[in-house]
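# Sequence and predicted structure, then a few things I'm wondering about:
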Amino acid sequence: MAYPGTVLFDLDGTLVPVDMDFFYKAYVKEVSTCFASIVPPDAFREALLESTYEMISDLNPAVTNHEAFARAFSRRVGRPWQEVWPVFQNFYQNDFGRLRRLVPENPHARTVVTKVLESGWEIVLATNAIFPEVAIRERMRWVSIDDLPWKYITTLDNMHYCKPHLQYYEEILSILKLDPSTCVMVGNDVEEDMIAQKLGMRTFLVEDFLIERGGSGLKPDGKGKLPDLLPFLTQLAENDSSDESANVAPGSA
Ligand SMILES: [Mg+2]
């Protein structure tokens with residue numbers, strides 16, 4: 001029996017109710033201010049964006065996302081990482097929390113994740129691993145899910161790959177020794193999140209902040225608003241147990 005197994009949740013646009021383009025612009029504006037004495041804001045913005053793409057494209061299994069970003073960003077701004085990383089750290093610790101004003105409450109996040117746990121599933125936070133843990137924990141607090149028993153939270157430092165690469169999902173499966181046929185990936189981005197089905201995971205698309213660039217051919221197994229995940233999981237588990245009883249030979253019970 002495969003279910004209940006593990007539910008992997010995306011964060012932004014799935015549990016945190018935010019349009020990422022809008023949030024990212026505000027984030028870049030805030031963080032560029034912190035760098036003003038080192039890098040002019042326009043040059044900073046360009047270096048941040050291009051270094052992020054470079055990190056996402058780096059598929060070297062020996063290089064963490066942090067290392068890939070550090071190398072790209074230092075090269076672009078012409079400053080050693082030991083000089084710029086403390087500025088990022090200071091921003092995440094002291095200023096990042098101000099962005100909360102842009103994010104409305106989402107009472108469904110805690111309710112749904114708690115019910116998933118109560119139904120016997122384990123939970124993983126599969127947010128794109130482009131932020132340090134401090135910034136991920138902060139966003140988790142905005143929707144009151146930071147204290148829940150997450151099996152793993154993917155971060156800039158503990159991952160070697162980013163979405164939408166399959167290697168990102170393979171790395172989670174490998175770290176947690178999970179069978180993909182016991183996993184359900186829940187996210188709002190067709191290309192970045194639903195791609196997990198290529199490894200044999202089930203997928204559920206949360207449509208409130210849907211991102212779909214088109215042409216991927218990826219069809220989620222279920223979709224709807226976040227609370228619609230609950231009946232979807234119940235159905236999966238029920239179908240699974242009826243498959244199981246169908247396999248029992250007559251008279252063997
Ligand atoms: Mg998302």
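Happy to help now that I have it. Because the structure is predicted, anything quoted here is derived from the model rather than measured.
# From now on I want contacts and neighbour counts done on CA atoms only, so please keep to that.
OK.
# Surely V31 touches F91?
Yes. Contact criterion C-alpha atoms under 8 Å: V31 and F91 qualify, at 6.6 Å.
# quick one: L210 and L226, what's the gap?
Look at L210 and L226: by C-alpha to C-alpha, to the nearest Å, they are 12 Å apart.
# Between these two, which is the more surrounded one?
Between L210 and L226, L226 has the larger neighbour count (other C-alpha atoms under 10 Å), namely 21 against 15.
# ok, now which ones touch the more buried one?
By C-alpha atoms under 8 Å, 6 or more residues apart in numbering, L226 lies in contact with 14-15, 108-109, 112, 206-208.
# Adding neighbour count, write those residues out as TSV.
Shown next, in TSV, are the contacts of L226 (neighbours: other C-alpha atoms under 10 Å):
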residue	neighbour count
T14	24
L15	27
H108	15
A109	20
V112	17
V206	26
E207	18
D208	15
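# give me phi/psi at V7?
phi -100, psi 130 (degrees, to the nearest 10).
# any idea which of the contacts of L226 is closest to K198?
K198 has its nearest neighbour among those in V206, at 18.4 Å by C-alpha to C-alpha.
# isn't that closest one right next to M185, touching?
No. The pair V206 and M185 does not pass the contact test of C-alpha under 8 Å, sitting 10.4 Å apart.
# follow-up on the earlier one: among the contacts of L226, which one lies nearest to the ion?
T14 (5.5 Å; C-alpha to the ion).
# Regarding that closest one, which helix or strand does it belong to?
For T14, there is no enclosing helix or strand under DSSP states H and E.
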